[in-house]
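Peer 1: Take this sequence and fold it.
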Amino acid sequence: MEIKKRCDENDFQYIWRIANAKENGVLDMSWNELADLFNSQLCSDEEDYKTEAGWRKPFQAAKMFYDQDVFCSKDGMDKLNEIKTAKQSLYSERVKLRDERNELSRLLREQARRESYIEAVRRTFIEDVTPFELVKEINVERGNTAMIVHLTDIHSGLGIKNYINSYNINEMYTRLHQYLTEVDEIRKIHHCKDCILVLGGDMISGLIHTSIRLENTENVVAQTKRICKYIAEFINSLRGIFETVRVYSVSGNHSRITANLDAHLDGEELDSLIPFYLSAVFANDDSVVIEDNQCGEYIATFTVCGHRWCAVHGDKDNIATIASDMTKLLGYTPDGILMGHRHTNGMTTDGKTKIIQSGSICGTDRYAFDKRLFGNPEQMVVVTDHANTVKCLYDIQL
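Peer 2: Numbering: from 1, shown residues only. The predicted model follows:
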């Protein structure tokens, strides 16, 4: 124990500390020895030295009053407690402020890294862009109908081999080509003039589930580059048989760049790179228009043959409530809604709204198989005219 006077204490604090230590048995010294210590530490002149009693009695008197709470009245203790509580609260707020600053710095760093990542991928894609040559116009009989081609849940890069389904890069290309053949046959039947192509999200397999990462045959950048080129070829074929092709796109949940949903920020989906790539590919072709969404990454709106449609991926929506939800969001009741995500074809009607649900190009993967969610590779094609929101609906099995 330090028995010399500290630089941060006055004479009375020093006497109180040392004498209490002696009284409590911490310091093994007699009062005569304490008197010598106090005289040496506190008196600069021997004439000021005190006897043992001169030091002991003032301390004992003060101790008696202290033990009887004379110096710590209830009001005083309440005030002291208030001060302690205020200090603790202030400290807590300082800690929270520090933590919030650290968290904000972390989020800003992550956002900067993500933005750099997205921009790097965009630069890489744009370097590889080779615009298609303009095709010769094909003279075919045109009617007053239009076609909505829904292309959703391709899951590029996924490799599937199970009891009911086999899927890989080659099979993906084959199914897309088969889909184009079906579209052309429908066009010939109805003499459709214009085509609306809706990219419904989940164009790539991504990395959001462990089972999916095990089934992936390519990393997410390779998946995205490949599907961009395949969709560009798909559109190039469409513009050879339709007068105009308008392309709309929404983002799905599989293309987010982090598996952790809590760490995901809206707009950070690789699906959003696809229209960026397509705009570069078809920049010189007036017959192909890559449209921008007015409602953000997740909702596309368009009008065809006088009917107002909207498209979503479907992971954020419930079929039973989507018509009323979109009405509240858009400020009007859509005539038709397109959605995917559930890998099953279907149609339902809610009031005056036709809700079209398309399946997937990939079919049943390991995740769905384990949950007994079986579904064939399939898509939906809508034929519309000015009199009918849905003049004809085609259930395309791939």
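
Peer 1: Can you pull the domain assignment for the protein?
Peer 2: 11-67, 142-397 (automatic domain parsing).

Peer 1: May I see those domains organised as JSON lines, with mean neighbour count and distance to Leu97 added?
Peer 2: Heads up, the C-betas are built off the backbone N, CA and C, glycines and all. What follows is these, written out as JSON lines (neighbours: other Cβ atoms under 10 Å; distance: least, Cβ to Cβ, whole Å):
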{"stretch": "domain 11-67", "mean neighbour count": "14", "distance to Leu97": "34"}
{"stretch": "domain 142-397", "mean neighbour count": "19", "distance to Leu97": "23"}
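
Peer 1: those strands in the chain, which residues are they?
Peer 2: Counting by DSSP state E, the chain has strands at residues 146-151, 160-161, 166-167, 194-199, 244-249, 288-290, 299-304, 307-312, 336-339, 346-350, 353-357, 378-384, 392-397.

Peer 1: contacting residues around the second one?
Peer 2: Counting by Cβ atoms under 8 Å, 6 or more residues apart in numbering, strand 160-161 makes contact with 166-168, 215, 362-366, all of which sit outside it.

Peer 1: Mind doing that once more with 6 Å?
Peer 2: The contact list for strand 160-161, computed with Cβ atoms under 6 Å, 6 or more residues apart in numbering, reads 167, 365.

Peer 1: Measure how far it is from the centre of its chain, please.
Peer 2: 29 Å (Cα atoms, centre = their mean, to the nearest Å).

Peer 1: With mean pLDDT as new columns, can the domains of the chain be given to me in CSV?
Peer 2: Putting these into CSV (pLDDT from 0 to 100) gives the following:
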stretch, mean pLDDT
domain 11-67, 86
domain 142-397, 85
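
Peer 1: Quick one: closest of those to Arg98.
Peer 2: Arg98 lies closest, by Cβ to Cβ, to one member of the domains of the chain: domain 142-397, at 21.5 Å.

Peer 1: Just the endpoints, please. Distance across the closest one?
Peer 2: End-to-end distance of domain 142-397 (Cα to Cα, to the nearest Å): 26 Å.

Peer 1: which stretches of this protein form helices?
Peer 2: 11-23, 31-42, 52-67, 74-127, 169-190, 210-215, 220-238, 273-281, 322-330, 366-370 (DSSP state H).

Peer 1: With distance to Ser249 as added columns, please give those in CSV.
Peer 2: Compiled in CSV, those are given as follows (distance: least, Cβ to Cβ, whole Å):
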stretch, distance to Ser249
helix 11-23, 76
helix 31-42, 84
helix 52-67, 79
helix 74-127, 15
helix 169-190, 16
helix 210-215, 21
helix 220-238, 9
helix 273-281, 5
helix 322-330, 18
helix 366-370, 24
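
Peer 1: Lys5 contacts Ser40, correct?
Peer 2: No - with contacts counted by Cβ atoms under 6 Å, Lys5 stays clear of Ser40, the gap being 9.9 Å.

Peer 1: just to revisit the earlier point, closest one to Gln88 among the domains of the chain?
Peer 2: domain 11-67 (24.5 Å).

Peer 1: circling back: go through the strands of the chain and name the closest to Met64.
Peer 2: strand 299-304 (80.5 Å).

Peer 1: Return the list of helices and strands in contact with the closest one.
Peer 2: Packed against strand 299-304 by the contact rule (3 or more Cβ pairs under 6 Å, 6 or more residues apart in numbering; DSSP states H and E) you find strand 307-312.

Peer 1: Give the other helices and strands that the strand it packs on contacts.
Peer 2: Strand 307-312 packs on strand 299-304, strand 336-339, going by 3+ Cβ pairs under 6 Å, 6+ apart.

Peer 1: Given the longest one, what are its sheet partners and their directions?
Peer 2: Here the strand partners of strand 299-304, with direction, are listed using DSSP bridges: strand 307-312 (antiparallel).

Peer 1: Send me the strand it pairs with as PDB with only the CA atoms.
Peer 2: C-alpha atoms of strand 307-312 as PDB (Å, rounded to 0.1, in the frame of the first residue of the first chain):
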ATOM      1  CA  HIS A 307     -54.200  -3.200 -71.200                       C
ATOM      2  CA  ARG A 308     -52.000  -2.300 -68.200                       C
ATOM      3  CA  TRP A 309     -49.700  -5.000 -66.900                       C
ATOM      4  CA  CYS A 310     -47.100  -5.300 -64.200                       C
ATOM      5  CA  ALA A 311     -44.500  -7.900 -63.600                       C
ATOM      6  CA  VAL A 312     -42.700  -9.000 -60.400                       C
END
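
Peer 1: what is the orientation angle of it with strand 146-151?
Peer 2: With axes from the mean of the first three to the mean of the last three Cα atoms, to 10 degrees defining the directions, strand 307-312 sits at 0 degrees from strand 146-151.

Peer 1: Strand 307-312: how far from the chain's middle?
Peer 2: 25 Å.

Peer 1: Touching it from outside, list them.
Peer 2: In contact with strand 307-312 (Cβ under 6 Å, 6+ apart) are residues 198, 250, 299-302, 326, 334-339, 389.

Peer 1: again, but for stretch 11-28
Peer 2: 5, 29, 42, 59.

Peer 1: hmm, back to that, can you say which of the helices of the chain is nearest to Gln357?
Peer 2: helix 322-330 (9.8 Å).

Peer 1: Off-centre distance for the closest one?
Peer 2: The answer for helix 322-330 is 23 Å, by Cα atoms, centre = their mean.

Peer 1: possible to save the strands of the chain as CSV with distance to Gln68?
Peer 2: Conversion of those to CSV gives the following (distance: least, Cβ to Cβ, whole Å):
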stretch, distance to Gln68
strand 146-151, 88
strand 160-161, 85
strand 166-167, 87
strand 194-199, 84
strand 244-249, 82
strand 288-290, 88
strand 299-304, 76
strand 307-312, 77
strand 336-339, 80
strand 346-350, 81
strand 353-357, 83
strand 378-384, 90
strand 392-397, 94
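
Peer 1: quick revisit: present the domains of the chain as CSV; the columns should include distance to Ala86.
Peer 2: Shown next, in CSV, are these (distance: least, Cβ to Cβ, whole Å):
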stretch, distance to Ala86
domain 11-67, 24
domain 142-397, 35
